[in-house]
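Asks: here are the coordinates; sequence isn't available:
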């Protein structure tokens, strides 16, 4: 007999294909009740994000909470905030929402270091890497129309990063300036 650890998706899939719709709905309901993570994932996956903006807000709260919880100082568990962004994106397919969460991560990172002072190299690397990914997505066909939506916030990130150490402010300035130039060239080409 196979151990649970030996079972694969294909084994489960065969069993699920034999199930009727009611039985599958009951399993999904049990998963929904089992954990907050499951509930958020299922809502993001199956609820129309335009009709249920609270789903995005729940993921935003996870990101913000790592920097500025209601009580105390943020724990800066990057993996928790990054997982929230990834999970929302995978579950919902909401590109704009994913970018919203990414920029929220960057904004809160910049605000955190301005509030609490110099952090460490890993902190600046994580915030910059997320900003880099955000800017790369802005250049995609799906991202280009969103530039005007995010432009002011992006410029504020640059302004708020100006005095930050570890050359972070300079790196942010260069990255945001390149994005501005990209969209200025794109505008001139059309």
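Replies: Looks like it came in fine. What you are looking at is a predicted structure, and each value in this text was computed from that prediction instead of being measured.

Asks: contacts, neighbours, all on C-alpha from now
Replies: Fine.

Asks: Contacts for stretch 77-88, please.
Replies: Stretch 77-88 has contacts (C-alpha atoms under 8 Å, 6 or more residues apart in numbering) with 41, 44, 56, 59, 62-64, 66, 94, 98, 101-102, 105, 126.

Asks: In that stretch, which residues are buried?
Replies: By neighbour count on 16 or more other C-alpha atoms under 10 Å, the buried set for stretch 77-88 is 78, 81-82, 84-85, 87-88.

Asks: picking that back up, quick one: which two of the contacts of stretch 77-88 are the most distant?
Replies: Farthest-apart pair in these is 44 and 126; separation 25.1 Å (C-alpha to C-alpha).

Asks: Neighbour count for the two, which is higher?
Replies: residue 44 (26 against 17; other C-alpha atoms under 10 Å).

Asks: Now do the more buried one, the pLDDT please.
Replies: In the prediction, the pLDDT value recorded for residue 44 is 64.

Asks: for the one 3 residues further on, same thing?
Replies: Note for residue 47: predicted pLDDT of 69.

Asks: mind listing the strands for this structure?
Replies: Shown for the chain, no strands are assigned by DSSP state E.

Asks: what residue ranges in it score low on pLDDT?
Replies: For the chain, applying pLDDT under 70 flags the ranges 1-5, 12, 16, 23-28, 30, 32-35, 38-45, 47-52, 190.

Asks: what do you get if the cut-off is 80, keeping everything else the same?
Replies: Low-confidence segments of the chain, defined by pLDDT under 80, are located at 1-7, 9, 11-53, 186-190.

Asks: can you give me the helices in it?
Replies: 9-18, 21-34, 36-46, 54-67, 78-92, 95-116, 121-138, 147-161, 168-189 (DSSP state H).

Asks: that older thread, return the member of the buried residues of stretch 77-88 nearest to residue 153.
Replies: Residue 153 lies nearest to residue 85 out of the buried residues of stretch 77-88, by C-alpha to C-alpha, at 18.2 Å.

Asks: I'd like the distance between the spatially most central residue of the chain and residue 76.
Replies: Nearest to the mean C-alpha position of the chain, counting by C-alpha atoms, centre = their mean, stands residue 85 at 2.5 Å. Residue 85 sits 15 Å away from residue 76, going by C-alpha to C-alpha, to the nearest Å.

Asks: cool, residue 120 as well?
Replies: From residue 120 across to residue 76, the span is 11 Å (C-alpha to C-alpha).

Asks: Could you check which of these two is surrounded by more residues?
Replies: Ranked by neighbour count (other C-alpha under 10 Å), residue 120 and residue 76 place residue 76 first, with 17 against 11.

Asks: Surely that one touches residue 68?
Replies: No: contact status for residue 76 versus residue 68: not in contact, 9.1 Å apart, counting by C-alpha atoms under 8 Å.

Asks: from what I can see residue 65 touches residue 74, true?
Replies: Yes: with contacts counted by C-alpha under 8 Å, residue 65 reaches residue 74, the gap being 6.6 Å.
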